[in-house]
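Undergrad: Next comes the sequence, and after it the predicted model I'd like to discuss.
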Amino acid sequence: MAQLNIGREPDYSDLDLDFQINPITGDINKKTGNDAVKRSIRNLVFTNFYERPFKSYIGSNVPRLLFDNVDVITGSSLEDALIRLINTFEPRVRLTNVQVIADTDNHGFNITLEYIIINTETPATFNLFLERIR
């Protein structure tokens, strides 16, 4: 007879892209829970369209927008692109707030994503400073 464990939260996991080896098991470490979701969001933000073989539709124009002027208009475009990106390609979260602040002194954008991890109702925050790399 199969047992159903209702009280258990889903465990989201992903490879740790630092590729560090676990000294005990000899396997590559993995990210779990909110860390796995944050890594996934970071990967999506830095992926351009047509970068993934056979899945050219995954990505955004966020890296391209970093070459525009650092102002409120570009910040608004970034905000729209991030909302569309997360809602389309990250089914594990529900966005509650997206804040993009232009930092003209440092030539970049401070990004704050607030979201809830679905099925756990755990609120989380993802902060990132986006800048053009020369």
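TA: Now that the structure is in, tell me what you want to look at. Computed from a predicted structure; not experimentally measured. Numbering: from 1, shown residues only.

Undergrad: and the helix or strand of the chain with the lowest mean pLDDT, what does it pack onto?
TA: Across the helices and strands of the chain, mean pLDDT, DSSP states H and E gives its lowest value to strand 13-15, namely a mean of 75. Packing partners of strand 13-15 (3 or more C-beta pairs under 8 Å, 6 or more residues apart in numbering; DSSP states H and E): strand 30-32, helix 34-45. To be clear about C-beta, it is placed using only N, CA and C from the backbone, and glycine gets the same treatment.

Undergrad: average pLDDT for the longest one?
TA: Taken as a whole, helix 34-45 carries a mean pLDDT of 89.

Undergrad: What are the boundaries of the strands in the protein?
TA: 13-15, 30-32, 93-103, 108-117, 122-131 (DSSP state E).

Undergrad: how far does stretch 44-56 sit from the chain's center?
TA: Relative to its parent chain, stretch 44-56 has a centroid offset of 14 Å by C-alpha atoms, centre = their mean, to the nearest Å.

Undergrad: Return the set of buried residues in stretch 23-40.
TA: 31, 33-34, 36-38, 40 (16 or more other C-beta atoms under 10 Å).

Undergrad: can you give me the end-to-end distance of it?
TA: Stretch 23-40 has its terminal residues 25 Å apart, counting by C-alpha to C-alpha, to the nearest Å.

Undergrad: Numbering from 11 from now on, please.
TA: From this message on, residue numbering opens at 11, which makes the last subject stretch 33-50.

Undergrad: which outside residues touch that stretch?
TA: 21-32, 100, 102-103, 127, 132, 134, 136 (C-beta atoms under 8 Å, 6 or more residues apart in numbering).

Undergrad: biggest helix in the protein by residues?
TA: If you go by DSSP state H, the chain has its longest helix at helix 82-99.

Undergrad: quick one: low-confidence parts of this structure?
TA: 11-20, 144 (pLDDT under 70).

Undergrad: residue closest to the middle of it?
TA: For the chain, the residue sitting closest to the mean C-alpha position, by C-alpha atoms, centre = their mean, is residue 51 at 1.1 Å.

Undergrad: Many thanks, I have nothing further to ask.
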